[in-house]
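Chemist: heads up, no residue letters with this:
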């Protein structure tokens, strides 16, 4: 690893000349205008702004990897870097491993534009997004005269860099002074990118005269000429910082092995915006996969847009890839060696189809981002579908039972790699097929949850429910966990067609001090009523528009609006007590009676066990060894001490 320096001008020339790119390990550009403006202030002051790490490789080797162009014209609506297409022509190629955000910001500031939605602008408005260039205000430069008569920087003031539209540059020429609002001062904006077009030894005064000629009025031009000494100093410093001084300090590595580059990449990106394992593994997959990033991001956008919306990230998609490809489940770099990535690429269309079908099932079950408390709990369903499991009505209902049990028992709260490995081993046959993949066990070609729930899970976890669990479920308060309970109690609702709300049977607005005092309820009972208000026995699932219509209507008044037939159906389908007392005064009696009804109904719907089953150490060891066998088969002869 060698140490070098280069100027900003030379770095931009490397980018413009097609010799410097972002490897597929790149992260999306996330810096805002303010960060870029402060970066240029640091540059003008001569402050260090970090060491860079460049990856130098021959064009022959570079053609084996995926690289992306720098984003010159940033637009937050399409914040994507274009993939480098075609073969490389220069003999040597540079990939930026560390410093991607900084160098991208410098490139945008010196050669490009930045577009984002204006403050308080509606996205649909035609003028919401405006293209801006980086400018420097030449009439607010932070210089002062020292005791020797020379100019020095004032550390208490910043260089005023701003991203502005061309229209704003011509209209924002005056403003109130900070020390006295009754006074005004001129502004004169110089587009920073013009410095890239200057000759090697520029005549600064000539350029000041050119700026003065372009001023919008004589008073602005006069203010510029009056500050000529400061302006000359500012432009000279800018030219020196950009074109002459080697401000980019960088280490250069020359390695052809992507695994070595990955190790370096994760180490050097441990500062600043921390590089997560998800960032790294996602980059690992797409580094040798043409269009891999686009393929995965397209599926992510598709599934998150289904139904009421979901929040699936790239980590979820990569876990799906690991589990479905029948390779190691361990969530680490070595699980994404070239052989596995190749398998994922070849199976991607089938994998994507299984993921989309699973999320469609989630919509059918009534789940969304707000109610699905564990994304990873759905991966066994993806695997089942991927392996060709039946999706007839019975199997769909059994899959729904599995998911509700998994969410209520919170089995995916920890040790997820072990858990997914155990579940996968349960679903698949013991032997591989001729194509190297495991088929689904005959037992699970039609899904049977009760058979599945008998499997002992790692860490003493179980999908079976105890009587104590049921009591806890009934006490869940309005929210995602309560929705899972209610979804089980209301299987007949058409979740895929309508949005259903968790509705307070006795309106929440009735639970107030004024109502309690009017009914003669003492202050010691307040807390109990408030606690019961949001618990499952006072909740029901109601179609969104119907719930808005009901709003804060008392239960008794709401039922009286219905016909006898409608009222009878409503009472029966919502598990109301037979001896019905509807007045709010009778809420405790109603609550306790419905709680017993729901406890009995949940006992019928859930898979009840007398006691928790425990997983033996032998069982866990067998599963661990089996997963290691899979890993050895895929990576035979490869070192196993990679990054985790």
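Modeler: Yes, it's here. What you are looking at is a predicted structure, and each value in this text was computed from that prediction instead of being measured.

Chemist: which ones are touching residue 214?
Modeler: Residue 214 makes contact with no residue, according to CB atoms under 8 Å, 6 or more residues apart in numbering. For glycine as for every other residue, the C-beta is placed from the backbone atoms N, C-alpha and C.

Chemist: distance check, it against residue 607.
Modeler: 78 Å (CB to CB, to the nearest Å).

Chemist: what residues of stretch 438-452 count as buried?
Modeler: Buried residues in stretch 438-452, defined by neighbour count with 16 or more other CB atoms under 10 Å: 438, 440, 444, 447-449, 452.

Chemist: just for the stretch 201-350 of the chain, where's the confidence low?
Modeler: For the stretch 201-350 of the chain, applying pLDDT under 70 flags the ranges 256-259, 261-281, 283-284, 287-288, 290, 331-338.

Chemist: where along it do the helices fall?
Modeler: 204-213, 218-226, 228-239, 258-268, 277-286, 292-304, 314-324, 338-365 (DSSP state H, counting those that start in this stretch).

Chemist: got JSON lines for these, with mean neighbour count and distance to residue 423 too?
Modeler: Compiled in JSON lines, the helices of the stretch 201-350 of the chain are given as follows (neighbours: other CB atoms under 10 Å; distance: least, CB to CB, whole Å):
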{"stretch": "helix 204-213", "mean neighbour count": "15", "distance to residue 423": "69"}
{"stretch": "helix 218-226", "mean neighbour count": "15", "distance to residue 423": "71"}
{"stretch": "helix 228-239", "mean neighbour count": "19", "distance to residue 423": "61"}
{"stretch": "helix 258-268", "mean neighbour count": "18", "distance to residue 423": "29"}
{"stretch": "helix 277-286", "mean neighbour count": "21", "distance to residue 423": "21"}
{"stretch": "helix 292-304", "mean neighbour count": "17", "distance to residue 423": "21"}
{"stretch": "helix 314-324", "mean neighbour count": "22", "distance to residue 423": "9"}
{"stretch": "helix 338-365", "mean neighbour count": "18", "distance to residue 423": "14"}
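
Chemist: adding distance to residue 404, write the ones you listed out as CSV.
Modeler: Shown next, in CSV, are the helices of the stretch 201-350 of the chain (distance: least, CB to CB, whole Å):
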stretch, distance to residue 404
helix 204-213, 69
helix 218-226, 69
helix 228-239, 63
helix 258-268, 38
helix 277-286, 27
helix 292-304, 20
helix 314-324, 19
helix 338-365, 8
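
Chemist: so which bits of stretch 538-555 are buried?
Modeler: Buried-residue list, stretch 538-555, by 16+ other CB under 10 Å: 538-543, 547, 550, 554-555.

Chemist: strands - which of those land there?
Modeler: 539-543 (DSSP state E).

Chemist: hmm, which of those is lowest in pLDDT?
Modeler: Within those, pLDDT reaches its minimum at residue 543, with 81.

Chemist: care to break this protein down by domain?
Modeler: Residue ranges for the domains of the chain, per automatic domain parsing: 2-119+246-268, 129-244, 277-465+613-634, 499-605.

Chemist: residue 476 is nearest to which of the ones you listed?
Modeler: domain 499-605 (5.6 Å; CB to CB).

Chemist: low-confidence stretches in the stretch 501-644 of the chain?
Modeler: Looking at the stretch 501-644 of the chain by pLDDT under 70, you get 547, 549, 610-644.

Chemist: got a markdown table for the buried residues of stretch 438-452, with pLDDT too?
Modeler: Below are the buried residues of stretch 438-452 laid out as a markdown table (pLDDT from 0 to 100):
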| residue | pLDDT |
| --- | --- |
| 438 | 88 |
| 440 | 92 |
| 444 | 92 |
| 447 | 95 |
| 448 | 92 |
| 449 | 92 |
| 452 | 89 |
